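Undergrad: just coords:
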């Protein structure tokens, strides 16, 4: 009798525990849903109109990811700072790593959106000399800073002595570095060449000492160049290539960007000179655009009703080598065109900026 009573009490205890867990799960889901709604509507209630515009353009496309990160982070912290079974430790580490990767990816995408939408336009409007390569470096450094920050936060939460780990690795690495200084120099040079990619296989390059030839292969320690004329193969240490000037004749190219403006009337000569000067001033300080080759030509046309109109054709020569650099310079040109449009409207010159911007790629004559 006593044993059956104990079984009934144990069954009732398990039932009550299950009901309590179910209630806790439902309450947690309700709290998470309320938190999600609060996070979604929070920007519209506390931000200024300008901040709301930035949020809509840069952050809103990734709002679901940001909310998911917040909810997963709350769950991760709950596991860390509350009593939990031991088997949840491994799950928490995997969850923390997943959150770190998600934060790094989302942060990089949000910064790219903010960079493309606002920073490029702000640089153009400031009318300062624009160095597109510096913008590329800034973009890379920002992404690196995001990853490093996430890494340090993960180490701090999980009580990992990251500085001690780096210091211990540094002491051992220092001894190896002294023993193989030259070899490490060449290996690091090879890594720099792979990352920076000043040339690739089959490119024609020229060195400081007058060597001219075609790249046969790029190794970790050295690069092989087939010299022009003699046809011999020269083996050049990568450390030498990273410290000397290398002129790449194959990768040099230019993009001819052709922009068309159609005015609603015939433009007199003085206004043509003004339009030409506005366009030259707006693109002169953009590094990567050859100002000497910028051409602004006008032609008289007649519309369907027989009215005489003026059309302007602007040829911009965008110089560059890497695909990423050329794409960034195209964005700078687009921002410059917007700046030109605003200035011409301030002068009261009505026009239609036609969308058929033509980008013609052509090699630079050596």
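TA: Now that the structure is in, tell me what you want to look at. Here the structure is a predicted model, which means the values were calculated and not measured.
Undergrad: worst-scoring helix or strand of this protein, pLDDT-wise?
TA: Least confident helix or strand of the chain, by mean pLDDT, DSSP states H and E, is strand 358-363 with a mean of 53.
Undergrad: what pLDDT does residue 211 get?
TA: Reading off the confidence values, residue 211 has pLDDT 81.
Undergrad: my guess is it contacts residue 229. True?
TA: No. Using CB atoms under 8 Å, residue 211 is not in contact with residue 229, being 10.6 Å away. The C-beta positions use only the backbone N, C-alpha and C, and glycine is treated the same way.
Undergrad: more neighbours, those two?
TA: The residue with more neighbours, out of residue 211 and residue 229, is residue 211; 14 against 7, by other CB atoms under 10 Å.
Undergrad: may I ask you to name the longest strand in this structure?
TA: strand 308-320 (DSSP state E).
Undergrad: show me what that one is packed up against.
TA: Judged by 3 or more CB pairs under 8 Å, 6 or more residues apart in numbering; DSSP states H and E, the packing partners of strand 308-320 are strand 253-263, helix 269-284, strand 295-302, helix 323-346.
Undergrad: ok, now which ones touch residue 344?
TA: 275, 278, 351 (CB atoms under 8 Å, 6 or more residues apart in numbering).
Undergrad: please, where are all the helices along the chain?
TA: Here the chain has its helices, by DSSP state H, at 2-46, 49-54, 63-81, 88-114, 120-125, 132-157, 162-179, 181-196, 238-243, 269-284, 323-346.
Undergrad: gap between residue 293 and residue 98?
TA: Relative to residue 98, residue 293 is positioned 51 Å away (CB to CB, to the nearest Å).
Undergrad: now stretch 268-286: buried residues?
TA: 271-272, 274-276, 278-279, 282-283, 285-286 (16 or more other CB atoms under 10 Å).
Undergrad: I misspoke; the intended subject was stretch 64-80.
TA: Buried residues in stretch 64-80, counted by 16+ other CB under 10 Å: 65-67, 69, 72-73, 76, 79.
Undergrad: what sits opposite residue 225 in the beta ladder?
TA: Residues in a beta bridge with residue 225, per DSSP bridges, are residue 215, residue 234.
Undergrad: and the pLDDT at residue 85?
TA: With respect to pLDDT, residue 85 has a value of 67.
Undergrad: now do the one 3 residues further on
TA: At residue 88 the predicted local distance difference test score is 70.
Undergrad: export the contacts of residue 344 to a markdown table and append columns for pLDDT and distance to residue 113.
TA: Shown next, in a markdown table, are those (pLDDT from 0 to 100; distance: CB to CB, whole Å):
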| residue | pLDDT | distance to residue 113 |
| --- | --- | --- |
| 275 | 84 | 33 |
| 278 | 84 | 30 |
| 351 | 79 | 30 |
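Undergrad: out of those, who's nearest residue 221?
TA: Among those, residue 278 lies closest to residue 221 (CB to CB), at 53.3 Å.
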